[in-house]
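>>> A structural model of the following input is requested.
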Amino acid sequence: MLTEYQKFQLPDQSNENNITAEVNYSEDPDVNECKIIRFTLPDGKKMYVKREHLNQILFAIGKAEDQRKMIPQKIRTVHWFETVLGVKATKDIRKGEMINFPIKASVPCTYVKELIGEAKFKDNYNQETKNKSGIITPA
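As a prediction, this is how the structure comes out:
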């Protein structure tokens, strides 16, 4: 992102009405960091447009791959946690019979560290990378 004053020419395809765009043209914090763009029209009139509005227009007219590039993406490491859930039935199945459901869920690494502790996490992580299973099971 630009942090200093910059001036751009937006050329008209017919070469008659070029427009000038300026960013960071004032010390005002509402304008800095390219928050508002000042356009100067050929007749000298000035117009002020928020960057968000320009982004919305560019997103709307963009192709699918262009839109994908404009969407923020976050990458985070997760661990897979596997366990078996046991339920004791009271109807339609013999009383006392256990019904087991295997569950597989992704857990963010930061949560795993908080849940089992830093030292235990490192041991499990080292063991996981040796096994290359990608699964942490409760000890």
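>>> and the strands in the protein, which stretches?
Listed in chain order, the strands of the chain (DSSP state E) span 6-10, 19-23, 36-40, 46-50, 78-88, 98-108, 135-136.
>>> now tabulate those in a markdown table and tack on mean neighbour count.
Yep, even glycine has a C-beta here, placed from its N, CA and C like the rest. Shown next, in a markdown table, are these (neighbours: other Cβ atoms under 10 Å):
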| stretch | mean neighbour count |
| --- | --- |
| strand 6-10 | 11 |
| strand 19-23 | 17 |
| strand 36-40 | 17 |
| strand 46-50 | 11 |
| strand 78-88 | 12 |
| strand 98-108 | 10 |
| strand 135-136 | 16 |
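>>> how about the ones you listed in TSV, adding mean pLDDT and distance to residue 72?
Output for these, formatted as TSV (pLDDT from 0 to 100; distance: least, Cβ to Cβ, whole Å):
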stretch	mean pLDDT	distance to residue 72
strand 6-10	93	23
strand 19-23	94	21
strand 36-40	95	21
strand 46-50	95	18
strand 78-88	76	19
strand 98-108	78	18
strand 135-136	46	28
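>>> relative to residue 105, how far out is the residue minimising distance to the centre of the chain?
Centroid-nearest residue in the chain: residue 73, 3.3 Å away (criterion: Cα atoms, centre = their mean). Distance, residue 73 to residue 105, by Cβ to Cβ, to the nearest Å: 22 Å.
>>> so how far is residue 22 from residue 2?
Note on residue 2: its distance to residue 22, by Cβ to Cβ, is 11 Å.
>>> and stretch 60-78, C-alpha only, in CSV?
Taking C-alpha atoms only, stretch 60-78 is exported to CSV below (Å, rounded to 0.1, in the frame of the first residue of the first chain):
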residue,chain,number,x,y,z
ALA,A,60,-18.1,-6.7,-9.2
ILE,A,61,-16.6,-6.3,-12.7
GLY,A,62,-13.7,-8.7,-12.2
LYS,A,63,-13.4,-12.3,-13.5
ALA,A,64,-13.6,-15.2,-11.0
GLU,A,65,-9.8,-15.4,-10.7
ASP,A,66,-9.5,-11.7,-10.1
GLN,A,67,-12.2,-11.9,-7.4
ARG,A,68,-10.4,-14.8,-5.8
LYS,A,69,-7.2,-12.7,-5.5
MET,A,70,-9.2,-9.9,-3.8
ILE,A,71,-10.7,-12.1,-1.1
PRO,A,72,-8.5,-12.2,2.0
GLN,A,73,-7.3,-15.7,2.9
LYS,A,74,-6.0,-17.0,6.2
ILE,A,75,-3.8,-20.1,6.5
ARG,A,76,-3.6,-21.8,9.9
THR,A,77,-2.3,-25.1,11.1
VAL,A,78,-4.8,-27.5,12.6
